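In: One predicted model, sequence on top.
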Amino acid sequence: MVDATHVPRVMTSSSKVTDAFEANTRPSTVTPVCTWMDVNARMFPMKVEVVPSVAELPTCQKTLQACAPPRRLTTLSYPPQATVDGWWSPMSRSGPIRGSEWALTGSPRERVLDRHDGIAVTGGLGFVGRHLVRALLEQGKRVVVLDRRPPRDSDPDTGTQYRLVDVREHRSARDALTGVDLLFHLAANANGTYSVEHPREDFQTNCVGTFNVLQAALEAGVRRVVYVSSASVYGQPQRFPVNESHPTVPIVPYGASKLAGERFGLAFRHSYGLDFVAARPFCVYGPGEDPATSLVEVSRYLRWHLNGRPIQIVGDSERKTRDFVHVSDAVAGLLAIAERAQPGEIFNVGSGTEVSMRELAERIQRVAGGTARVHELADIQDDTYRLVADISGLRRLGYVPGVPLDEGIADLMEELGERPELPMGATIFRPGQKAEE
Ligand SMILES: NC(=O)c1ccc[n+]([C@@H]2O[C@H](COP(=O)([O-])OP(=O)(O)OC[C@H]3O[C@@H](n4cnc5c(N)ncnc54)[C@H](O)[C@@H]3O)[C@@H](O)[C@H]2O)c1
């Protein structure tokens, strides 16, 4: 075990890695043997695997040439036993590569989180945010929650600081981020229908709000921003499973505003060196969803069914498919991205499993019992499309979805009880459409 307080310095390294960077080829799995010494001149041989993504490579090269300021280029290194908490700089043939730092991320989960004392979550009082905050608290982290509403009695109070912040106001976001160095940005309008009915508000919260948060993060010296985008950036996908390089053609203002957030984040990375990474969650479901705002089918269908009402399916029940991901898996995905994504990378967060609306209704019947009645609203076809995530990118960061849909439904049933509140709101894509009642 290496003393984590020592700053490691690379003494020699295989030229394979730097060669690969220089040649602009992907060193799919290069295994250079490095020898480095710590500040006490102790030498350690070390085997390191480096797996940069194809998308990241040209940017890495560019950053290498730019030389300053120092920034992380590659955090995907797996020394077999070492648990070094520090950075090392690879050597090129002409000497150390200035402006580059490669992290040793030996033991997966805690590495980045360990290095960051101040962790903040915007939207930490929302559905996904609360689960994320709890997961961080379980890891012994202290978390600052930025939200526009105050906490309720049921929100965790130990290890959490609440700051009342409206992300539409730049100053309040900036003041709240003082001392923060890892930021998860979730605060948003997360409802597509709301964005159709109130596009300006959606724009203000999701576009202006995200812009403000990014600028505030820069000003406050935040070291990494994890932006929670959405699969809605893909619009109506054409290729399956949908991978991250699929064209982004959103069909509702919400998708456009989430995409704008990604673009600003990437531009801030390019222009100001902000360490920005992003997640595109698919359809997140699980305990704690607000029936007044959530449009994800799992809890809506279950709520209708448990109340003995017909399940209202918007669109074609066979052709409309979705990728439902349990909120605990979604949170695991966000943490994996925070830990191991390279700056500028964006990852789908889904289950990788495609389920049609008909199949979902049948599963709900199987798990919850009774006879599911289905009412198809076939007039609305805007979201009759397939949606299933290619999660191979996230899997490479160590993510493994752990909650099968049936288990997630059973889990949710337990939370909802016998006669849960009915879902509200409708799934519309144009003003005036008539959908669920
Ligand atoms: N739930 C999903 O299925 C899903 C899927 C893809 C992406 N996402 C994204 O995940 C994030 C969280 O979604 P969610 O389902 O938890 O939504 P949510 O509506 O439950 O939570 C959003 C939170 O943001 C806060 N907020 C809204 N406007 C704010 C403002 N102006 N200033 C400060 N705080 C504000 C709300 O008070 C709330 O606590 C969102 O960015 C959403 O776009 C969610």
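Out: Great, that's in hand.
In: what residues does this protein put near the ligand?
Out: Taking C-beta under 6 Å from any ligand atom as the criterion, the neighbours of the ligand within the chain are 123, 125-129, 147-149, 165-168, 186-188, 190, 205, 209, 228, 230, 258, 281, 283-284, 290, 293, 296. Yep, even glycine has a C-beta here, placed from its N, CA and C like the rest.
In: Which ChimeraX command selects the buried ones in those?
Out: Command for ChimeraX, covering only those of these found buried under the criterion 16 or more other C-beta atoms under 10 Å:
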select :123,125,126,127,128,129,147,148,165,166,167,168,186,187,188,190,205,209,228,230,258,281,283,284,293,296
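In: what sits opposite the residue lying closest to Val403 once chain neighbours are set aside in the beta ladder?
Out: Spatial nearest neighbour of Val403, excluding adjacent residues (C-beta to C-beta, 6 or more residues apart in numbering): His326 at 3.7 Å. Using DSSP bridges, the bridge partners assigned to His326 are Tyr285.
In: Can you give me the neighbour number for His326?
Out: 25 (other C-beta atoms under 10 Å).
In: Tell me the spacing between it and Gly123.
Out: 19 Å (C-beta to C-beta, to the nearest Å).
In: Mind pulling up the pLDDT for the residue nearest in space to the middle of the chain?
Out: Nearest to the geometric centre of the chain sits Ala279, at 2.9 Å (C-alpha atoms, centre = their mean). Note for Ala279: predicted pLDDT of 98.
In: which SSE is the residue nearest to Leu274 when sequence neighbours are not counted in?
Out: Distances taken as C-beta to C-beta, 6+ apart place Phe268 nearest to Leu274, at 4.2 Å, with adjacent residues excluded. Here Phe268, judged by DSSP states H and E, is contained in helix 253-272.
In: Figure out how far that helix is from the centre of its chain.
Out: Centre-to-centre, helix 253-272 and its host chain are 14 Å apart (C-alpha atoms, centre = their mean, to the nearest Å).
In: residues contacting Pro291?
Out: Neighbour list for Pro291: Ser299, Arg300, Arg303, Pro420, Glu421, Leu422, Pro423, Met424 [criterion: C-beta atoms under 8 Å, 6 or more residues apart in numbering].
In: Revised request: answer the last question for Val233.
Out: Thr248, Pro250, Gly255, Lys258, Leu259, Glu262, Arg280.
In: Most neighbours among those, which one?
Out: Greatest neighbour count in the contacts of Val233, by other C-beta under 10 Å, goes to Lys258: 29 neighbours.
In: My guess is it contacts Ser229. True?
Out: Yes: between Lys258 and Ser229 there is a contact under C-beta atoms under 8 Å: 4.7 Å.
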